[in-house]
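Dropping the sequence and predicted coords here.
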Amino acid sequence: MNKIIITIDGWSACGKSTLAKRLAKALGYVYIDSGAMYRAITLYFLRNHVDWTDIDEVNRALENINLQFVFNPAGKASEIYLNGENVEYVIRDLVVAEKVSEVAAIREVRTFAVKQQRRMGKDKGIVMDGRDIGTVVFPKAELKIFMTADNAVRVERRFKELIMKNPNTTIEEVKTNLEMRDYIDSNRKVSPLKKAKDAIVLDNTNLTEDGQFRKAMEWVKEKINPAE
């Protein structure tokens, strides 16, 4: 079977990671969460009081960051490690979410992350989700999916996710955070969020997880076996 690169871009809280993980598991591919990489970098900056408006300080900090994805047999998924520490759950905190778009907009940070992402995908057989995967990281990927959903649905989904980890989270905070991230992601100068010309749009406002998975798998099969 031909191995391909599958990119999944789109807005926050559209379920990119959920779909990417499921596709990777079904295909026996490696799942790479690019968003987790930017969150881990943000976590490092916050913990070490890095002033990310100072590019020299940013570059020095990046030299001390090592990111790895390690497969967790118990959870049957890859989890991100920051300098040897599993930070898969720490990076989902709202404090990190509030700052990650600012950090991800820094040219030096994106260059650092993109270099690692391309290295991870050199042998294909990967599913990667993010904001600029189909436009910048892998512009020649065989299958590009751009995910979107109604704003109210996105807010509700993210709220349900965060309230389980922090009961004090309010839906107003989540709505404000998503609006801020949408604006920064789509208006930044470096690699802004936008649909690749050859990407297929997947609006999952009214789709179940099973429904969107089946639709995506149809597209995958067409790319892997185009003659069939």
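Here it is on my side, so go on.

From residue 28, how far out is residue 85?
Distance, residue 85 to residue 28, using C-beta to C-beta, to the nearest Å: 28 Å. C-beta here means a position set from N, CA and C on the backbone, and glycine is covered the same way.

Endpoints of stretch 70-84, how far apart?
10 Å (C-alpha to C-alpha, to the nearest Å).

go on, stretch 189-209?
Stretch 189-209 has an end-to-end distance of 33 Å (C-alpha to C-alpha).

Stretch 78-94 now?
21 Å.

What's opposite residue 79 in the beta bridge?
residue 70 (DSSP bridges).

neighbours of it, just the number please.
16 (other C-beta atoms under 10 Å).

dump the residue contacts of it.
When contacts are counted by C-beta atoms under 8 Å, 6 or more residues apart in numbering, residue 79 touches 69, 70, 71, 72, 86, 88.

if I read this right, residue 46 contacts residue 96, doesn't it?
Yes: assessed by C-beta atoms under 8 Å, residue 46 is found in contact with residue 96 at 7.0 Å.

Compare the two and say which one has the larger neighbour count.
Comparing residue 46 with residue 96 by neighbour count (other C-beta under 10 Å), the higher total belongs to residue 96, at 20 against 17.

Mind listing what's buried along the one helix or strand that one maps to?
Counting by DSSP states H and E, the element that carries residue 96 is helix 94-104. For helix 94-104, burial by neighbour count (16 or more other C-beta atoms under 10 Å) applies to 94, 96, 97, 98, 99, 100, 101, 102, 103, 104.

tell me which strands and helices that helix is in contact with?
helix 34-47, helix 171-187 (3 or more C-beta pairs under 8 Å, 6 or more residues apart in numbering; DSSP states H and E).

And the contacts of the very next helix or strand once past it?
Per DSSP H and E, the first helix or strand lying C-terminal to helix 94-104 is helix 107-120. Contact with helix 107-120 is made by 30, 32, 34, 37-38, 41, 52, 55, 58-59, 62, 65, 67, 69, 103-104, 126, 128, 132-133, 136-138, 189-191, as judged by C-beta under 8 Å, 6+ apart.

now do 10 Å
For helix 107-120, contacts defined as C-beta atoms under 10 Å, 6 or more residues apart in numbering pick out 30, 32, 34, 37-38, 40-42, 45, 52, 55-56, 58-59, 61-63, 65-69, 102-104, 106, 126, 128, 130-133, 136-138, 188-191.
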